[in-house]
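Peer 1: pasting the structure only:
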C-alpha cells in the first residue's frame, strides 16, 4: 500500500516507493524530501527540494552526525509553511530515527515520547539498535544544552 504517514501536520514518513509516488507528494503538498539512504531514488517532482543522507540501515553507521542538520532543515521548511517527508527504503529504521530526532529537538520531547509519536504514525517504525543508542546520546546532548539555555537566561 502506498501511503505517507503523518507524524505532525508538517512532517511525514514513508518508504521509498511511496516517496516516489508523485500523486501522494502533490496531495500532501510536500516541499522537502529527506532521503535517508545511499541508493533509493528521489521523486522526480521539480518543485520538491531534496536532501540525501547517505547511510545504510546498519547499526554501525553514524546517523547521529546528521540529526542536527536534518532537524534544522525540517524545521526551517516547517517555519516557511512547507511540509516535509523523511523516507528510507522501508520507512522503518533510518527515517524513523531522523523523525524522532527532529521531534526531540524542535518539540522538546523525550526520546520515549518522540518515538511514540513516530510509532503511532508509522507502526512499522523501528530504528536499529545502533541508531537507538545514537538517539539516546542525542537526547543527553539536547538535555545538556537545554539546561545550559535555561541557566543562561
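Peer 2: It's in. Nothing here was measured: the structure is a model prediction, and the numbers come from that model. Residues are numbered from 1 along each chain as shown.
Peer 1: can you map out the strands along this protein?
Peer 2: 5-8, 11-15, 30-35, 49-52, 83-88 (DSSP state E).
Peer 1: Could you report the distance from residue 141 to residue 48?
Peer 2: As judged by Cβ to Cβ, to the nearest Å, residue 141 and residue 48 stand 30 Å apart. Every C-beta, even on glycine, is put in place using the N, C-alpha and C of the backbone.
Peer 1: who has more neighbours, these two?
Peer 2: It is residue 48, of residue 141 and residue 48, that has more neighbours when counted by other Cβ atoms under 10 Å, with 19 against 15.
Peer 1: which residues does the closest residue to residue 102 other than its chain neighbours contact?
Peer 2: Leaving aside its sequence neighbours, residue 102 sits nearest to residue 71 (Cβ to Cβ, 6 or more residues apart in numbering; 4.4 Å). Residue 71 is in contact with 98, 101-102, 105-106, counting by Cβ atoms under 8 Å, 6 or more residues apart in numbering.
Peer 1: hang on, the earlier thing: closest one to residue 117 among the strands of the chain?
Peer 2: strand 5-8 (6.2 Å; Cβ to Cβ).
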